[in-house]
Every structure is written in C-alpha cells, then in structure tokens.
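Colleague: 3D model of this:
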Amino acid sequence: MSGLLPVVILAGGRATRLRPLSDSLPKSLVPVAGEPFLAHQLRLLAAAGISQVVLCIGYLGSQIEQFAGDGSRFGLHIRYSADGPAPLGTAGAVRQALPLLGERFFVLYGDSYLPCDYRAVQEAFLAGGAPALMTVYRNEGRWDTSNVEFEGGRILAYDKENRTPRMHHIDYGLGVFHRSAFHQIPPGLPYDLARLYQDLLARGQLAAFEVRERFYHVGTWQAIEELADYLSGQPRRRQQT
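Modeller: Purely as a prediction, here's the structure:
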C-alpha cells in the first residue's frame with residue numbers, strides 16, 4: 001500500500017465556548033502559537049503522508065476557504081464542501097461531501113490536533129473489513145470526559161451523553177469509513193457523527209483502533225494553551241484533582 005486515504009475535516013461548527021472571538025472567526029482559524037489552528041492541522045496531515053483533504057465548511061466558511069485556498073502551500077490538495085443554508089451536523093456534512101470522495105476516507109474533527117500514526121490506523125481499518133473504524137485513547141477522564149467502553153480490542157459502548165464508570169477511553173477524533181456507512185443518512189438533513197457511530201456499533205459494524213498518543217484540541221481556552229505549549233516543545237501537564 002502506498003498513499004494514504006483522503007481526510008475529511010469537519011470544520012463547519014460554531015465554537016460557542018470561545019466567544020466572543022468565535023463570533024467573527026471560525027474555530028479552525030483560532031490563533032494558536034501565532035498562527036491559525038488550521039495551519040498547524042494541515043501541516044501535521046501533510047507530514048503524516050496525507051495528500052488529499054476535503055474541508056466541510058459552514059459557519060464563516062468563506063474565511064476558511066480564503067485562508068487555506070487550494071492547499072498547495074501546505075503540500076496538500078484541498079477541496080471544499082459547504083453545508084448550505086442550514087447546518088447539516090457532522091455526519092450530514094460528510095454525507096454532503098461524498099461526491100468529492102472515493103470509496104474510503106478518514107474523518108477528522110475540525111478542532112482536533114492528533115499526532116498519531118495515520119498509516120497504522122488505515123492499515124487496521126483495511127485489515128478489519130468493517131465499514132467504519134473509530135480510534136480510541138485511554139483517557140481516564142484526564143484530558144476530556146471519557147465516553148468509550150473498550151475491552152479486548154472492541155468497543156462495547158459509546159455514548160457522549162450517558163457516561164458510565166466503565167468508560168476509560170475516549171473517541172480520539174479520527175475515524176475511517178467506507179462511503180456506504182453514510183448511505184443511511186438522508187441527503188441534506190442534519191445528522192451527528194456520534195449518532196452514526198452508535199448506529200454502526202449496534203449493528204456490529206464499528207471496528208476500533210487504540211492509539212497511544214495524547215490528543216490536543218482547540219475547544220476551550222485551556223486546551224488552546226496546552227496545544228500551544230506542545231507545539232513550542234514545552235508541554236505542560238494538567239494538574240490532577
């Protein structure tokens with residue numbers, strides 16, 4: 001196997017926890033270590049061997065398109081898929097982008113910086129044969145609230161709303177899919193990726209891959225500071241309570 005699959009970046013949502021900055025700036029362009037977050041994210045993907053990216057945009061999406069352009073300055077080829085007049089949700093946005101995609105692709109949360117082995121994730125997906133794979137990380141409630149019960153290489157439960165003490169892992173923010181996984185979603189209607197994961201899990205169609213690298217994100221001001229420290233080579237450890 002040579003090249004890596006395309007990456008769909010979900011960059012259409014609002015960053016309500018970053019107001020007032022996000023009232024005029026999409027989350028993907030929030031400054032981190034002196035640059036828009038998207039620049040760091042795209043460079044990470046290029047360094048991992050990714051060459052094709054589809055950006056799903058919505059809220060203030062024109063700013064994202066103006067900043068990233070065709071992706072050539074990041075060593076990437078970028079195309080865009082817009083929600084339209086109403087938000088489509090994370091899975092609905094991928095459904096909308098299917099005409100730009102092949103049979104298989106990564107899906108990455110737009111606020112996530114994930115320094116993992118993308119090739120290893122892809123190989124696990126292709127070897128497993130399931131239409132979808134979720135990456136998980138043993139979080140123990142440390143960097144965010146754990147939401148996955150994972151044992152013996154399998155996801156036993158996944159729920160962002162109803163957590164249990166058996167949930168020691170977290171949805172890492174990176175999935176791999178066959179396009180057929182999105183065919184159940186009516187075109188043009190909102191649908192959440194967490195709901196799709198639960199649907200697939202209930203049907204026994206969701207594989208899992210455990211990563212060892214800590215995740216970073218830009219969903220809160222504290223998380224932005226932690227990512228900035230990591231990028232500057234001075235990661236700080238969150239104080240445990």
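Colleague: next one: stretch 76-89 to chain centre, how far?
Modeller: 14 Å (Cα atoms, centre = their mean, to the nearest Å).
Colleague: who's in contact with it?
Modeller: By Cβ atoms under 8 Å, 6 or more residues apart in numbering, the surrounding residues in contact with stretch 76-89 are 12-13, 42, 45-46, 50-59, 61, 65, 68-71, 92-93, 95-97, 100, 188-193. Glycine gets a C-beta too; all of them are placed from N, C-alpha and C.
Colleague: Buried ones among the residues you listed?
Modeller: 12-13, 42, 45, 50, 52-59, 61, 68, 71, 92-93, 95-97, 190-191, 193 (16 or more other Cβ atoms under 10 Å).
Colleague: how about the helices in this structure?
Modeller: Ranges of helices within the chain are 37-48, 61-68, 89-97, 118-128, 193-202, 221-231, based on DSSP state H.
Colleague: Could you give the average pLDDT over stretch 50-61?
Modeller: Here stretch 50-61 scores 94 as its mean pLDDT.
Colleague: Just list the residues touching the nearest residue to Tyr113 once chain neighbours are set aside, thanks.
Modeller: Nearest residue to Tyr113, sequence neighbours excluded (Cβ to Cβ, 6 or more residues apart in numbering): Tyr216, at 4.1 Å. By Cβ under 8 Å, 6+ apart, Tyr216 lies in contact with Ser112, Tyr113, Leu114, Pro115, Ala223, Glu226, Leu227, Tyr230.
Colleague: and if you look at Ala33?
Modeller: His40, Leu227, Ala228, Leu231, Ser232.
Colleague: likewise Arg17?
Modeller: Gly219, Thr220, Trp221.
Colleague: neighbours around the second one, how many?
Modeller: If I follow you right, that is Thr220. Using other Cβ atoms under 10 Å, Thr220 has 14 neighbouring residues.
Colleague: in this protein, what spans have low per-residue confidence?
Modeller: By pLDDT under 70, the low-scoring segments of the chain are 1-2, 15, 21-22, 141, 143, 234-241.
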